[in-house]
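> Model the structure of this input:
(one chain, ligands or ions: 1)
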Amino acid sequence: MDADGLPADELFCYLTGRRNEDIPYTHILSSMCTIPHPVAVKAHNQFMDTNLGDPGLFPGTASLEDHLIRWCADLFQAPGAGGCTTSGGTESNIQVLRFTKSVNGIKKPNIIVPASAHFSFEKACGMMDIEMRIAPLDDQYRMDHEAAAGLIDRNTCCIVAVAGTTEYGMTDPVPALGKIAGQEGIHLHVDAAFGGFVLPFIDDAPAFDFSIPEVGSISVDPHKMGMSTIPSGVLMVRDDHCFNNLLVETPYLTTKQAYSLTGTRPGASVAGAYAVMAHLGKKGMKAMVTGCMENTRRLIEGMEAFGISRRVTPDVNVATFEHVEVPKPWVVSYTRNQDLRIVCMPHVTRDCIESFLVDFGESYVPHTD
Ligand code: PLP
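Numbering: from 1, shown residues only. Next up, the predicted model:
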């Protein structure tokens with residue numbers, strides 16, 4: 001920091017320059033975040049200074065969090081479910097491992113995750129000295145539930161399934177995993193950070209939520225397909241007693257105990273998430289998801305017309321293909337198997353897909369062996 005401060009106009013001139021160095025969303029095809037809905041931005045700004053870490057000071061903001069949890073409970077088919085907001089999928093997944101690790105007094109805990117699990121589980125296991133056992137995937141990139149069953153022992157404290165995998169957009173066989181978890185008395189967590197705001201709005205989507213009796217918790221992120229501002233996650237639990245063993249005393253706050261991982265917690269992005277759902281309703285969310293899924297199908301059809309095969313037909317709006325390079329300025333990503341991966345988020349409009357396909361077609365030179 002310099003000794004003398006910068007005048008605001010100079011400061012914002014500098015900030016605008018830095019912001020202009022960022023890649024615009026118009027060409028980002030790799031992200032699971034998106035341009036927030038305008039109502040989310042407006043609500044975020046309105047609640048900018050609120051802190052849900054001390055909810056007694058902000059009862060109005062806290063009531064929005066309660067509403068959001070009730071809506072997610074309804075969406076995931078367990079009206080009595082509890083939950084809380086977090087900073088995103090990573091924090092939600094960490095919280096699940098914190099409370100599952102502390103049950104049953106297991107000394108050397110392990111968890112079972114699919115090979116497709118998000119790297120947040122590796123971080124969480126590292127932090128908590130939990131062994132992460134990796135179950136292989138089947139040929140449709142879904143967790144092999146029989147292999148998962150074979151990895152369980154008496155120290156297993158959690159089975160993780162993913163609904164809408166980060167890389168291939170697939171949903172694990174949650175009903176089959178539920179049966180296994182139920183037989184063994186193990187907590188079943190569904191990481192629906194991405195798919196949680198997609199699958200409920202698709203007809204005939206694979207089952208993943210609390211309608212499966214053994215599902216104990218679900219992560220879902222408003223800052224992904226909920227079109228809210230960053231950071232915004234939700235952790236839903238079938239029975240909120242599971243938070244009890246995370247409680248710590250918070251003597252100098254308005255509430256005397258807290259189970260959240262972070263202390264100060266933004267109310268702004270919670271208001272943003274609330275605003276999107278209140279404004280769009282289920283019909284608006286379904287229309288948004290339908291558009292993203294149509295665009296995903298159009299992208300797959302367009303790439304296949306160039307002879308680039310899909311890796312799999314996804315359950316959500318993540319399209320993957322055999323490895324090919326794409327022209328600049330498009331920003332795509334590649335999976336750990338080096339497959340091309342494109343996420344058809346709300347900002348990836350039909351026009352965007354069509355111009356990507358035109359640019360790709362002009363640059364693509366097919367292999368001749
Ligand atoms: N889980 C899944 C399935 C994800 O796709 C992601 C991120 O893409 C996460 C967890 C982590 O979410 P965050 O980056 O919000 O912490």
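
> which stretches of this protein have low pLDDT?
For the chain, the stretches flagged by pLDDT under 70 are 104, 368-369.

> Outline the domain layout of it.
8-36+282-362, 38-277 (automatic domain parsing).

> of all these, which lies closest to D2?
domain 8-36+282-362 (11.4 Å; CB to CB). The way it works is simple: take the backbone N, C-alpha and C, and place the C-beta from them, glycine included.

> picking up where we left off before, among the domains of the chain, show me which one is buried the most.
Of the domains of the chain, the one with the most neighbours on average (mean count of other CB atoms under 10 Å) is domain 38-277, at a mean of 20.

> can you list the residues of the chain near the ligand?
Residues of the chain lying close to the ligand by CB under 6 Å from any ligand atom are 32, 88-90, 118, 120, 162, 166, 191, 193-194, 221, 233.

> Can you lay out the domains of the chain as TSV showing distance to D2?
Below are these laid out as TSV (distance: least, CB to CB, whole Å):
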stretch	distance to D2
domain 8-36+282-362	11
domain 38-277	26
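
> what separates stretch 129-144 from the chain centre, distance-wise?
18 Å (CA atoms, centre = their mean, to the nearest Å).

> ends of it, how far apart?
25 Å (CA to CA, to the nearest Å).

> Identify the residues contacting that stretch?
97, 101, 108-117, 121-122, 124-125, 145, 147-148, 151, 155-157, 161-162, 165, 167-168, 170-173, 177, 311-312 (CB atoms under 8 Å, 6 or more residues apart in numbering).

> how about 6 Å then?
Stretch 129-144 is contacted from outside by 109-116, 125, 147-148, 151, 168, 170, 172-173, 312, using CB atoms under 6 Å, 6 or more residues apart in numbering.

> Tell me the residue of the stretch 201-350 of the chain that sits nearest the ligand?
Proximity of the stretch 201-350 of the chain to the ligand (CB to the nearest ligand atom) peaks at D221, 5.2 Å away.

> can you pull the contacts of that residue?
Contact analysis of D221 by CB under 6 Å, 6+ apart lists G88, G89, A193, G233.

> do Y364 as well
Here Y364 is in contact with F306 (CB under 6 Å, 6+ apart).

> Look up how far the ligand lies from it.
Applying CB to the nearest ligand atom, to the nearest Å, the value for Y364 to the ligand is 28 Å.

> Regarding I300, what is its secondary structure?
Judged by DSSP: H, G, I helix; E, B strand; the rest coil, the three-state class of I300 is helix.

> all strands of the stretch 201-350 of the chain, in order?
Chain-ordered strands for the stretch 201-350 of the chain, with DSSP state E, counting those that start in this stretch as the definition, fall at 215-220, 233-237, 248-249, 257-258, 318-321, 333-334, 340-343.

> Quick one, which of those gets closest to G53.
strand 257-258 (7.3 Å).

> what's in contact with that closest one?
Counting by CB under 6 Å, 6+ apart, L247, T250 sit against strand 257-258.

> strands paired with it, and their directions?
Note on strand 257-258: by DSSP bridges, its sheet partners are strand 248-249 (antiparallel).

> Now do the helices in the stretch 1-150 of the chain.
8-21, 38-46, 59-75, 89-101, 120-128, 145-151 (DSSP state H, counting those that start in this stretch).

> Revised request: answer the last question for the stretch 201-350 of the chain.
With DSSP H, counting those that start in this stretch, the ranges of helices along the stretch 201-350 of the chain come out as 268-305, 350-363.

> between the shortest one and helix 268-305, how many degrees?
Here helix 350-363 runs at 40 degrees with respect to helix 268-305, directions being taken by axes from the mean of the first three to the mean of the last three CA atoms, to 10 degrees.

> From the contact counts, what lies against helix 350-363?
Based on contacts counted as 3 or more CB pairs under 6 Å, 6 or more residues apart in numbering; DSSP states H and E, the elements that helix 350-363 packs against are helix 268-305.

> packing partners for the helix it packs on?
Where contact means 3+ CB pairs under 6 Å, 6+ apart, helix 268-305 is packed against helix 38-46, helix 59-75, strand 318-321, helix 350-363.

> if you set the cut-off to 8 Å instead, what comes out?
Judged by 3 or more CB pairs under 8 Å, 6 or more residues apart in numbering; DSSP states H and E, the packing partners of helix 268-305 are helix 38-46, helix 59-75, strand 82-86, strand 318-321, helix 350-363.
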